[in-house]
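Student: below: sequence and its predicted model.
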Amino acid sequence: MPPLLEVRGLRCHFPVGGDFLGRAPQSVKAVDGVDVSIFKGEALGLVGESGCGKTTMGRNVVRLDEPTEGEILFEGTNIANLREHELRRFRREIQIIFQNPMSSLNPRMTVGNMLMEPLRLHRIGDRAACQRRVQELLDLVGLKSEHRDRYPHEFSGGQRQRIGIARALALNPKLVVCDEPVSALDVSIQSQIINLLMDLQDELGLSYLFISHDLSIVEHMCDRVAVMYLGRIVEIAPTEDLYRRRLHPYTNALLSAVPVPDPTIESEEIILEGGVPSPIDPPPGCHFSTRCPFVTEACSAQTPELVERHPGHWVRCIRIDEIT
Amino acid sequence: MPTSPAPTDGHPVSSPHAPAGAFAEEIGRSVLTVKGLTTELRVEGGPIQAVKDVSFDLRAGETLGIVGESGCGKSMTALSIMGLLPRPIGKIVTGSIMLEDVGDLAQLPEARMKAVRGDDVSMIFQEPMTSLNPVFTVGFQICEAIQTHRPVGRTAARAKAVEMLDLVGIPLPELRFDSYPHQLSGGMRQRVMIAMALACEPKIMLADEPTTALDVTIQAQILNLMNRLKRETGTSILLITHDLGVIAKMAQRVLVMYAGVVVEEAPVRSLFGQPLHPYTVGLLKSMPSANRRSGPRQRLHTIQGVVPSLNALPRGCRYSDRCPDVHDRCRQAEPPLAAPDDAGDTATARKVRCWLHCKT
Ligand SMILES: Nc1ncnc2c1ncn2[C@@H]1O[C@H](COP(=O)(O)OP(=O)(O)OP(=O)(O)O)[C@@H](O)[C@H]1O
Ligand SMILES: Nc1ncnc2c1ncn2[C@@H]1O[C@H](COP(=O)(O)OP(=O)(O)OP(=O)(O)O)[C@@H](O)[C@H]1O
Ligand code: SF4
Ligand SMILES: [Mg+2]
Ligand SMILES: [Mg+2]
């Protein structure tokens, strides 16, 4: 079966700087050559450090930003460079849920109108049909009919995220990009929203690109996980495989650094020295070479390719055979 | 656990859990004793009690964790101790905060409190950028902190500042002395904050979500640093976080707060091994990692409802509208924070605010 979404050689560079002294503008290489697929009904987790390009990649996929280079094939059509009127059809199929529900909801609109808006924009049915759909959406995400006439500020954080989810689902999308959907929520509310997202996926056959820095949530939710470092995927594998036998030195450091909520476990962290390098001027060759405990000269001489080490388990490191 | 061998030159660092157990057993002397602290905020719609009848002691050389959800009063507890409540709306209404060799901080005039801050007690905040001054170099700011409290000259202050930068693991400290905050990464800024907080060797460091804004790899660096410095300097740490993983790694004892009150106090192993308060039980069960045994993609345990707002608390127990074990008594009166009557040997080291564990 062909994938629902296939991203090939995706790059997204943002120009920065360039000033009156005549210094040349530089570019932030936020996404720097990403290949990844998502299959129907699948949740693909995307993890990695702050600034590594997760949100940018998500925004490219829903075409809030236009990529600099590469292809985004949605059901076989390349949407990477479509213009707005050509995108219309795809806007219904690919939706996004943001981290901070409050900032993505219009404070002057009632929940009912907010859910109605996309239906009207895409001319879905008459007024009565729209009303029915709004009710359906409220039920779907566990809100009550009386919530329809309230404004966002009258809701708790968890309820606002439910509104955000309902809005994303209004047009029956096939793929939903979830950008840190529970990071702003308290633990006791997080689990409610995670359950909701998993239920919706089963009921509606949704696919997710699930961006998160919480590795235990990703482990729980996702079928496969991609680990990103400075604009590139360094490892991608089925979830269980990745967490059991992580291969890339960065994945290893990342997973070892997660504090385990169990005081009887002696954790053995791999402490990475040095800070994250700048995406304006990433290290040559392997982007991780400045912090990698296994670095050799060869690492900065060439950009490693993603290679399949085990079935479905890909890793980007030239020394992988020697170090694992 | 990794299947690949731990790298030889990647500094595998084991967490300091060996001393954790020892600390929990030993009843160290208390350096800070908070009793019946109630802090009010005068907000629109009348005053709210952001902190209500909070009592605990912080012992020499220990890390005491405070954990709880957003708005439960963790920061207000710390700010009450520091005398830095939001002005003019915040005020300590009752209670005492006894600091060893100093006295009751709740009664101290601001002038004396100024001397205590940064000297006996110092604080690091979640977002270091808000507490570092962007127009001065980090070196200048550390020197200033030192010279405010110690009668030393410029050269001595500078030497101490460089030593502190080195101690917190900033490479090329001589050079970094002259950096401005914006020239440093988030993790480096947090190190500078720690360097500044520890420059005068305080008895107590209050750390309010010190790593929440950082990536896990940088968080691991900072947490290990805090543990190392605690061992080397003997500073006691009050560590505020909402991350139960951080608590498990760092704390010897834990306070769990809910809606302004302490609902449970316990040694860290007892808390995770045998939580008593229904809220603690629910929190621990809701974590994805706690659901690992039931397999991936199983529904997670949830706590129903939401945290009540402080001006609309339920009658009786503050958790009663969400508690799966609620019974009549819970809705009539608020339970006291007391030693549990059903926890066997561990009871003496623990306290819980729940009628289930307090039959009298
Ligand atoms: N519009 C923009 N203009 C210039 N630079 C940008 C823009 N958007 C993002 N960047 C930069 O691109 C890089 C990747 O950012 P992105 O938001 O995708 O990271 P992220 O992985 O989502 O991080 P986080 O975990 O903090 O959300 C960062 O260095 C960021 O500063
Ligand atoms: N400046 C302020 N003005 C009015 N109310 C405030 C102010 N600061 C805090 N509060 C209220 O006081 C209560 C306790 O807040 P506090 O900051 O101590 O919570 P917290 O436990 O630190 O939460 P978080 O995890 O979000 O930092 C909350 O209900 C909050 O809304
Ligand atoms: S006192 Fe009652 S309502 Fe409160 S936590 Fe205990 S059992 Fe639950
Ligand atoms: Mg992001
Ligand atoms: Mg706080």
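Tutor: Happy to help now that I have it. Ligands and ions are numbered 1, 2, ... in the order given.

Student: make it CA atoms for all contacts and neighbour counts henceforth
Tutor: Fine.

Student: helix/strand/coil for whichever residue of chain B sits closest to chain A?
Tutor: The minimum distance from chain B to chain A, using C-alpha to the nearest C-alpha, falls at residue B:245 (3.8 Å). Under the three-state scheme (DSSP: H, G, I helix; E, B strand; the rest coil), residue B:245 adopts helix.

Student: residues touching the nearest residue to it once chain neighbours are set aside, list them.
Tutor: Excluding the flanking residues, the one nearest residue B:245 by C-alpha to C-alpha, 6 or more residues apart in numbering or on different chains is residue A:261, at 3.8 Å. The contact partners of residue A:261, by C-alpha atoms under 8 Å, 6 or more residues apart in numbering or on different chains, come to B:244, B:245, B:246, B:247, B:248, B:249, B:289.

Student: kindly recompute the last result at 6 Å.
Tutor: Residue A:261 sits next to B:244, B:245, B:248 when contact means C-alpha atoms under 6 Å, 6 or more residues apart in numbering or on different chains.

Student: quick one: low-confidence ranges for chain A?
Tutor: Where chain A drops to pLDDT under 70, the residues are A:17-24.

Student: show me where it has helices.
Tutor: Secondary structure of chain A (DSSP state H): helices at A:54-61, A:84-93, A:101-104, A:111-121, A:127-140, A:157-169, A:187-204, A:215-221, A:239-244, A:249-257, A:297-301, A:320-323.

Student: TSV please, covering those helices and showing distance to residue B:45 and mean neighbour count.
Tutor: Below are the helices of chain A laid out as TSV (distance: least, C-alpha to C-alpha, whole Å; neighbours: other C-alpha atoms under 10 Å in any protein chain shown):
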stretch	distance to residue B:45	mean neighbour count
helix A:54-61	39	23
helix A:84-93	44	14
helix A:101-104	23	16
helix A:111-121	26	19
helix A:127-140	31	17
helix A:157-169	21	24
helix A:187-204	26	19
helix A:215-221	38	22
helix A:239-244	49	18
helix A:249-257	44	24
helix A:297-301	62	14
helix A:320-323	62	12
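
Student: out of those, flag the one nearest residue A:177.
Tutor: The closest of the helices of chain A to residue A:177 is helix A:54-61. By C-alpha to C-alpha, the value is 6.2 Å.

Student: touching chain B at all, the closest one?
Tutor: No - against chain B, helix A:54-61 shows no contacts by C-alpha under 6 Å from any C-alpha of the partner chain, the least distance being 13.7 Å.

Student: could you measure from residue B:34 over to residue A:251?
Tutor: Going from residue B:34 to residue A:251 by C-alpha to C-alpha, to the nearest Å gives 43 Å.

Student: for residue B:359, that is, sorry about that
Tutor: Remark: distance between residue B:359 and residue A:251 (C-alpha to C-alpha) = 50 Å.

Student: before we move on, what about residue B:249?
Tutor: Residue B:249 is 20 Å from residue A:251, where distance means C-alpha to C-alpha.

Student: likewise for residue A:207?
Tutor: Distance of residue A:207 to residue A:251, given as C-alpha to C-alpha: 24 Å.

Student: list the contacts for residue B:94?
Tutor: Per C-alpha under 6 Å, 6+ apart, neighbours of residue B:94: B:37, B:38.

Student: using the three-state scheme, assign it.
Tutor: The assignment at residue B:94 comes out as strand when based on three-state DSSP.

Student: in the sheet, who's paired with it?
Tutor: Following DSSP bridges, residue B:94 is listed with bridge partners residue B:38.

Student: show the pLDDT at it.
Tutor: pLDDT for residue B:94: 97.

Student: now the strands for chain B?
Tutor: Remark: strands assigned in chain B by DSSP state E are B:12-14, B:30-43, B:46-59, B:63-67, B:90-99, B:103-104, B:121-124, B:204-208, B:236-241, B:253-258, B:261-267, B:351-352.

Student: ok, and does the fourth one reach over to chain A?
Tutor: No - if you take C-alpha under 6 Å from any C-alpha as the test, strand B:63-67 misses chain A, and the best it gets is 11.2 Å.

Student: that strand pairs with which strands, and in what direction?
Tutor: Counting by DSSP bridges, the strands paired with strand B:63-67 are strand B:236-241 (parallel), strand B:253-258 (parallel).

Student: which residues touch the last one?
Tutor: Under the contact criterion C-alpha under 6 Å, 6+ apart, strand B:253-258 has outside partners B:64-68, B:72, B:262-268.

Student: mind putting those residues in TSV, pLDDT and neighbour count included?
Tutor: Conversion of the contacts of strand B:253-258 to TSV gives the following (pLDDT from 0 to 100; neighbours: other C-alpha atoms under 10 Å in any protein chain shown):
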residue	pLDDT	neighbour count
B:64	98	27
B:65	98	27
B:66	98	28
B:67	96	25
B:68	92	26
B:72	93	23
B:262	98	27
B:263	98	28
B:264	98	26
B:265	97	29
B:266	97	25
B:267	96	23
B:268	97	27
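
Student: which single one of these is nearest to residue B:316?
Tutor: residue B:263 (13.3 Å).

Student: isn't that closest one up against residue B:351?
Tutor: No - applying C-alpha atoms under 6 Å as the test, residue B:263 and residue B:351 come out as separate, 8.0 Å apart.

Student: pick out the residue of chain B closest to ligand 1.
Tutor: residue B:215 (8.3 Å; C-alpha to the nearest ligand atom).

Student: for that residue, which residues are in contact?
Tutor: Counting by C-alpha under 6 Å, 6+ apart, residue B:215 touches residue A:49.

Student: gap between it and residue A:138?
Tutor: To residue A:138, residue B:215 is 35 Å away according to C-alpha to C-alpha.

Student: tell me the spacing between residue A:117 and residue B:86.
Tutor: Counting by C-alpha to C-alpha, the gap from residue A:117 to residue B:86 is 41 Å.

Student: tell me how many other residues crowd residue 296.
Tutor: All of this refers to chain A. Neighbours of residue A:296 under the rule other C-alpha atoms under 10 Å in any protein chain shown: 12.

Student: if you could check chain B rather than the one you did, that'd help
Tutor: Residue B:296 has 20 neighbours, counted by other C-alpha under 10 Å.

Student: pretty sure it contacts residue A:222?
Tutor: No - between residue B:296 and residue A:222 there is no contact under C-alpha under 6 Å: 8.3 Å.

Student: tell me the domain boundaries of chain B?
Tutor: When chain B is parsed with automatic domain parsing, its domains come out as B:10-112+B:203-290+B:301-360, B:129-201.

Student: is any residue of the first one near ligand 2?
Tutor: Yes - figure legend: domain B:10-112+B:203-290+B:301-360 in contact with ligand 2 (C-alpha under 6 Å from any ligand atom); contacting residues B:43, B:50, B:69, B:70, B:71, B:72, B:73, B:74, B:75, B:76, B:86.
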